[in-house]
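In: give me the fold of what follows.
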Amino acid sequence: MVDPTPSVPFILLSLLLLGLGNGVVCLEEKRVLSLQKVQPKLQSTDTSCFSQKSRREMGATILEMKHRDHCSGVTRDWNEKLQKRLTMDAERVKSLQSRIKRTVPSNTEDVSNAQIPVTSGIELETLNYIVTVELGARKMTVIVDTGSDLTWVQCQPCDSCYNQHDPVFKPSTSPSYQPILCNASACQSLQFATGNSGVCGSAAPICNYAINYGDGSFTRGELGHEKLKFGTILVKDFIFGCGRNNKGLFGGVSGLMGLGRSDLSLISQTSGIFGGVFSYCLPSTERKGSGSLILGGNSSVYRNSSPISYAKMIENPQLYNFYFINLTGISIGGVALQAPSVGPSRILVDSGTVITRLPPTIYKALKAEFLKQFTGFPPAPAFSILDTCFNLSAYQEVDIPTIKMHFEGNAELTVDVTGVFYFVKSDASQVCLALASLEYQDEVAILGNYQQKNLRVIYDTKETKVGFALETCSFE
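Out: Take a look at the predicted model:
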């Protein structure tokens, strides 16, 4: 029988190990990753792949959130699918960097409550998250995107539409739908919200919109307003895009929910109801994983297991619709990175980008420290944008160093253990560090959704701050 009382030398040794710095990894700075639990699984098609749950709790509206993989059906070529996702992610990052540089080409330094189930978007072909809302009495499943402003769905009659799982919205059958005219203020707001001004034809004075995405996807149609419902909360005259010509890898969803900060975003349009505050907890990519999108600032409905720490948003009138905060440092296994550019620098918090991107000098320091601590494992080939890979097929679990990001205002984000590695092969023979380097040093860092899993991320546009807290995501 083992003596349950630890010896004095053992206690002294433990205290010594916990107290040492300068590269010694503290015991609490590593976490166990069970490889069996997070390996990708072959998936079967569900009869209904959409989140339809919502509830009202203590003044908050809560929508279930899921990953889009939730309804993608059987994956026959996992390698090809993952390669495609990262390629799309790289194109999104290029598009975001282009928008930022185009807006500020000479300056890279300045720039009531409702809960909705959030689900992972693996099932709809990309690594993004989806919720279900009700538009004009029809349920619509849409991608949640903090990097976009205009909410849009596909509409009939459709000149060119991609395949979606839900019935396509038909405005002519909805008595509450009305198109928006060219002289309306909403039409004038399109330039700031989408980068393209409203287009008006000579035949009809209806305001038309066009949005182009970095991967070549696009949506075009007219602006309209309609009743939008989140559970029991009704939003009258909600302005959205009625897409008549849509193309791209949207993967079966009805459209997109814009959670940016411009006048046309859902957050701005519902500020009178929800106070300009929303938060989410992004679930893992497991098939049955679910999280929540909460509209409103009642923190009593959060299920966070650590205190919320807030970072101040960086205000820039030219980039007002983005969520920027200052990154002040990164630590790996308790060891602070030492790099010339590790210091106050802005980072974009984005729910639509998958993999976190860091400036080359910071990523180089992070990679070196991670490899210093995660030793003894056989290497594997690089995969797409991910250059630090291992063969872990012989292991059931591994201890991995914690990754923490520090922000201005003493805010801190601890990356969940499932957000450290990206599984390229389902047998764990190719598992890669799930962070990547930007191409150029002057590009803006991006905090992607893969590193936001199992966190409560709060966006408060009134107090201009972003908060982080640990939370095991679940809608129930």
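In: please count neighbours and contacts with C-alpha atoms only from this point.
Out: Fine.
In: the closest residue to Ala336 other than its chain neighbours: how many residues sit nearby?
Out: Counting by Cα to Cα, 6 or more residues apart in numbering, Ile330 is the residue found nearest to Ala336 once chain neighbours are left out, at 6.0 Å. Counted with other Cα atoms under 10 Å, residues neighbouring Ile330 total 23.
In: gap between whichever strand or helix holds Ile330 and the chain center?
Out: Assigned by DSSP states H and E, Ile330 belongs to strand 324-332. Strand 324-332 sits 18 Å away from the centroid of its parent chain (Cα atoms, centre = their mean, to the nearest Å).
In: downstream neighbour of it in the secondary structure list?
Out: Following strand 324-332 in sequence order, the next helix or strand is strand 335-336 (DSSP H and E).
In: that next one pairs with which strands, parallel or anti?
Out: Using DSSP bridges, the neighbouring strands of strand 335-336 in the sheet come out as strand 324-332 (antiparallel).
In: check which residues of the strand it pairs with are buried.
Out: When neighbours are counted by 16 or more other Cα atoms under 10 Å, the buried residues of strand 324-332 are found to be 324-332.
In: between the residues you listed, which sits nearest Ala186?
Out: Distances from Ala186 to the buried residues of strand 324-332, taken as Cα to Cα, are shortest for Phe324 (25.1 Å).
In: please report how far the closest one lies from Leu413.
Out: 15 Å (Cα to Cα, to the nearest Å).
In: next one: Gln338
Out: Applying Cα to Cα to Gln338 and Leu413 gives a distance of 18 Å.
In: what about those two, which has more around it?
Out: More neighbours surround Leu413 than the other of Gln338 and Leu413, with 22 against 16 (other Cα under 10 Å).
In: show me where the stretch 51-200 of the chain has strands.
Out: In the stretch 51-200 of the chain, strands defined by DSSP state E, counting those that start in this stretch lie at 54-57, 60-63, 65-67, 114-120, 129-135, 138-145, 152-154, 178-179, 199-200, listed in chain order.
In: okay if I get those strands as TSV plus distance to Phe169?
Out: Compiled in TSV, those are given as follows (distance: least, Cα to Cα, whole Å):
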stretch	distance to Phe169
strand 54-57	21
strand 60-63	21
strand 65-67	21
strand 114-120	21
strand 129-135	8
strand 138-145	7
strand 152-154	6
strand 178-179	13
strand 199-200	22
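In: okay if I get the ones you listed as a markdown table plus distance to Ser95, mean neighbour count and mean pLDDT?
Out: Putting the strands of the stretch 51-200 of the chain into a markdown table (distance: least, Cα to Cα, whole Å; neighbours: other Cα atoms under 10 Å; pLDDT from 0 to 100) gives the following:
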| stretch | distance to Ser95 | mean neighbour count | mean pLDDT |
| --- | --- | --- | --- |
| strand 54-57 | 33 | 20 | 82 |
| strand 60-63 | 29 | 28 | 86 |
| strand 65-67 | 23 | 36 | 80 |
| strand 114-120 | 23 | 33 | 61 |
| strand 129-135 | 19 | 27 | 91 |
| strand 138-145 | 14 | 24 | 90 |
| strand 152-154 | 19 | 25 | 96 |
| strand 178-179 | 30 | 17 | 94 |
| strand 199-200 | 22 | 18 | 78 |
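In: so which of the ones you listed is nearest Tyr440?
Out: Using Cα to Cα and comparing the strands of the stretch 51-200 of the chain, the one that lies nearest Tyr440 is strand 138-145, at 24.7 Å.
In: adjacent strands (with direction) for that closest one?
Out: Each strand paired with strand 138-145, and its direction, by DSSP bridges: strand 129-135 (antiparallel), strand 255-258 (parallel).
In: end-to-end on stretch 257-276?
Out: Using Cα to Cα, the end-to-end distance of stretch 257-276 comes to 15 Å.
In: quick one on the thing from earlier: for Ala469, which of the strands paired with strand 138-145 is the nearest?
Out: Once the strands paired with strand 138-145 are compared by Cα to Cα, strand 129-135 is nearest, at 19.1 Å.
In: what are the C-alpha coordinates of that closest one, in PDB please?
Out: In PDB, the C-alpha atoms belonging to strand 129-135 read as follows (Å, rounded to 0.1, in the frame of the first residue of the first chain):
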ATOM      1  CA  TYR A 129     -19.800  28.100 -36.400                       C
ATOM      2  CA  ILE A 130     -23.500  28.300 -37.000                       C
ATOM      3  CA  VAL A 131     -26.700  29.300 -35.300                       C
ATOM      4  CA  THR A 132     -30.400  29.000 -36.300                       C
ATOM      5  CA  VAL A 133     -32.600  32.100 -36.300                       C
ATOM      6  CA  GLU A 134     -36.100  32.800 -37.600                       C
ATOM      7  CA  LEU A 135     -36.500  35.200 -40.500                       C
END
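In: what about it, distance to the chain center?
Out: 15 Å.
In: make 220 the starting number, not 1.
Out: Fine by me, first position is 220 from now on; the one you just mentioned is strand 348-354.
In: which SSE is immediately downstream of the helix or strand of the chain with the lowest mean pLDDT?
Out: The element with the least model confidence among the helices and strands of the chain, by mean pLDDT, DSSP states H and E, is helix 227-238, at a mean of 36. Where DSSP H and E defines the elements, the next helix or strand beyond helix 227-238 is strand 249-253.
In: list of residues touching that next one?
Out: 552, 615-621, 636-637 (Cα atoms under 8 Å, 6 or more residues apart in numbering).
In: who wins for neighbours among the residues you listed?
Out: Using other Cα under 10 Å as the neighbour definition, those reach their maximum at Pro620, which records 26 neighbours.
In: report the longest helix in this structure, please.
Out: Ranked by number of residues, the top helix in the chain under DSSP state H is helix 297-322.
In: and that one, what does it pack against?
Out: Helix 297-322 sits against no helix or strand, with contacts defined as 3 or more Cα pairs under 8 Å, 6 or more residues apart in numbering; DSSP states H and E.
In: nearest to Pro578 among the buried residues of strand 543-551?
Out: Using Cα to Cα as the measure, the one of the buried residues of strand 543-551 that approaches Pro578 most closely is Leu546, at 11.5 Å.
In: ok, that closest one touching Glu627?
Out: Yes. Between Leu546 and Glu627 a contact is recorded at 6.4 Å, counting by Cα atoms under 8 Å.
In: find residues that contact each of those two.
Out: Pro563.
In: what about the nearest residue to Ala688 once chain neighbours are set aside, how many neighbours?
Out: Closest residue to Ala688 apart from its sequence neighbours, by Cα to Cα, 6+ apart: Ile527 at 4.7 Å. Applying other Cα under 10 Å, we find 18 residues neighbouring Ile527.
In: same question for Pro563.
Out: Other residues lying near Pro563 total 15 when counted by other Cα under 10 Å.
In: ok, it - contacts?
Out: Shown in contact with Pro563 (Cα under 8 Å, 6+ apart): 545-548, 626-627.
In: what about stretch 548-562, average pLDDT?
Out: Averaged across stretch 548-562, the pLDDT comes to 85.
In: convert that stretch to PDB, retaining C-alpha atoms only.
Out: Once non-C-alpha atoms are left out, stretch 548-562 reads as follows in PDB (Å, rounded to 0.1, in the frame of the first residue of the first chain):
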ATOM      1  CA  GLY A 548       2.800  39.000 -24.500                       C
ATOM      2  CA  ILE A 549       2.600  35.200 -24.900                       C
ATOM      3  CA  SER A 550       3.800  32.500 -22.500                       C
ATOM      4  CA  ILE A 551       4.400  28.800 -23.200                       C
ATOM      5  CA  GLY A 552       4.300  26.500 -20.300                       C
ATOM      6  CA  GLY A 553       4.800  29.500 -18.000                       C
ATOM      7  CA  VAL A 554       7.800  30.800 -19.900                       C
ATOM      8  CA  ALA A 555       7.300  34.300 -21.400                       C
ATOM      9  CA  LEU A 556       8.400  34.600 -25.000                       C
ATOM     10  CA  GLN A 557      11.400  36.800 -25.600                       C
ATOM     11  CA  ALA A 558      11.300  38.400 -29.100                       C
ATOM     12  CA  PRO A 559      11.900  42.000 -30.300                       C
ATOM     13  CA  SER A 560       8.300  42.400 -31.400                       C
ATOM     14  CA  VAL A 561       6.600  40.900 -28.400                       C
ATOM     15  CA  GLY A 562       5.100  43.900 -26.800                       C
END
